[in-house]
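Enquirer: any chance you could fold what I've pasted below:
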Amino acid sequence: MISPQFENKSTKYIFAWPEFICEVGRMHIDHDRTSCQLIFINTKDSAHILRTRLNIETNASRAKLAKDLTERCPIKDLDWLDTIEYIAEKTMRELEHGEPVITIQSTDEFSDLKYLIYPIIPEGKPTAIFGDPGSGKSQLAVILSMVMSLPWSDNPLKLGAPEKPVKVLFLDYEADIEDIQRQLALFTQGMELGYGSIEYRRCSMPIADDLEGIRKHIEELDAKCLIIDSVSLAAGGDLNRMDVATNYVRSLRSLGPDITSISLAHTSKDRESKIKTILGSVLFEAGFRSVWEIRADEGNDTLDIALFHRKANLSKKFHDIGFRISYTDAGNIVESLDPRSVPEFVRRMSVNKQILEALKHGKLSSQELVEQTDNKISDINVALSRLKKANQIIGDSKGWGLLLV
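Expert: Numbering: from 1, shown residues only. Predicted coordinates for the structure are as follows:
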């Protein structure tokens, strides 16, 4: 038998013989069962031969498939059973071998961490932005898309834009194309940008089951960033189950280090809790390299939004970021906003920041800080100790003040 050309594309394997091509994908390992989807295509005219799902470790399954192929597509001097055995064995070896081992040395050169949008979106890494319904996640996603795709270097949000246009693929599991079209048009008109575009795809299957289709669109568009709206539906299943979370994170990872992802997620169910997390298993948050919480404060014709950096695996935690969306007859206008100017946002800041903001108006005792910030005395005392050691405040429990340097 002639050995085929073989290509490992991470989420699928390609076997190419002169007469036909076999694509092996949607692989799933469950204890002693390894199943996958096989697609056979005629090389000459790209005609479809057969699509089937196969337990590649079962002799009977392989024999049945070989019989079907012999009847459907007889090829001179080709034994379909030998061919299926070859595909099954090669697939198993690739799965068992996994990624290669690489020696990392202290003398290795490494590049600085890059950002598609500084400081929110690190390049080539999975980022999550989570918050309550109505907090502006989808609107923020449209704005971030414009910052990357134009690129919008002089954006009023004071965000660092990429040097060159970045193609963004928007995977929408919640809304419809008209919703995103409307937001794009309103922001483009309101900010007098002249033009803006988003590569959009409406999705219904869980991302783990749709990887090959997504990868194909990424390759065709040469997209470098995915926006997933939202994790709750893209993950597919009970969000509290660990395997649902790991399958989602694994799916993003399988797209490779050149793809940056922004996952929009809902917040944990207890909306009144000061400490918020991504809805579902803690493994969702564990899988993201950077996590931002989004909060909103709605006015008559405005939406104030703040981003709080809750997790940073790759850098320091960045300062809180704020902006205001104004809804006008001419379109939507977005501008930078100091989140410390909105009381609702101050209450969601760290205890350290809440104390520093409170002391800007004069000296306060430890008990007065408890009352003004609505924090426990134990949390206040820990924060005061940290701030005093950092030479940011001076005083004692009877009266604290800012240390002016």
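
Enquirer: pLDDT below threshold where in the stretch 201-350 of the chain?
Expert: Scanning the stretch 201-350 of the chain for pLDDT under 70 picks out the ranges 270-275.

Enquirer: quick one, strands of it?
Expert: For the stretch 201-350 of the chain, the strands defined by DSSP state E, counting those that start in this stretch cover 225-229, 260-266, 290-298, 302-312, 321-328, 331-336.

Enquirer: Serialize the ones you listed to a markdown table and add fields for mean neighbour count and distance to residue 219.
Expert: The way it works is simple: take the backbone N, C-alpha and C, and place the C-beta from them, glycine included. Shown next, in a markdown table, are those (neighbours: other CB atoms under 10 Å; distance: least, CB to CB, whole Å):
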| stretch | mean neighbour count | distance to residue 219 |
| --- | --- | --- |
| strand 225-229 | 25 | 13 |
| strand 260-266 | 25 | 16 |
| strand 290-298 | 22 | 26 |
| strand 302-312 | 20 | 31 |
| strand 321-328 | 19 | 33 |
| strand 331-336 | 18 | 32 |
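
Enquirer: please identify which of those is closest to residue 123.
Expert: Residue 123 lies closest to strand 260-266 among those, at 5.5 Å (CB to CB).

Enquirer: for the strand or helix carrying residue 93, list the C-alpha coordinates in CSV.
Expert: Using DSSP states H and E, residue 93 sits in helix 80-97. Extracted in CSV, the C-alpha atoms of helix 80-97 (Å, rounded to 0.1, in the frame of the first residue of the first chain):
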residue,chain,number,x,y,z
TRP,A,80,-9.9,-0.8,1.9
LEU,A,81,-9.5,-2.9,5.1
ASP,A,82,-5.8,-2.4,5.1
THR,A,83,-6.4,1.3,4.5
ILE,A,84,-8.8,1.7,7.4
GLU,A,85,-6.4,-0.2,9.6
TYR,A,86,-3.6,2.2,8.6
ILE,A,87,-5.8,5.3,9.3
ALA,A,88,-6.9,3.9,12.7
GLU,A,89,-3.4,2.9,13.8
LYS,A,90,-1.9,6.3,12.7
THR,A,91,-4.7,8.2,14.4
MET,A,92,-4.2,6.3,17.7
ARG,A,93,-0.4,6.9,17.6
GLU,A,94,-0.9,10.6,17.1
LEU,A,95,-3.4,10.8,19.9
GLU,A,96,-1.2,8.9,22.3
HIS,A,97,1.9,10.9,21.4
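
Enquirer: following it, which helix or strand comes up?
Expert: Past helix 80-97, the next helix or strand by DSSP H and E is strand 115-117.

Enquirer: who does the helix or strand following that next one pair with, and is each partner parallel or antiparallel?
Expert: Counting by DSSP H and E, the next helix or strand C-terminal to strand 115-117 is strand 121-122. Paired neighbours of strand 121-122 in the sheet (DSSP bridges): strand 115-117 (antiparallel).

Enquirer: which residues are contacting stretch 329-338?
Expert: 139, 143, 156-158, 183, 185-191, 304-306, 322-326 (CB atoms under 8 Å, 6 or more residues apart in numbering).

Enquirer: mind listing what residue 356 touches?
Expert: So residue 356 contacts 387, 392, 393, 402 (CB under 8 Å, 6+ apart).

Enquirer: so which of those residues are in helices?
Expert: Among the contacts of residue 356, DSSP state H puts residue 387 in helices.

Enquirer: now the helix or strand where residue 182 lies: average pLDDT?
Expert: Assigned by DSSP H and E, residue 182 falls within helix 177-190. Mean pLDDT, helix 177-190: 96.

Enquirer: right, I'll call it a day here.
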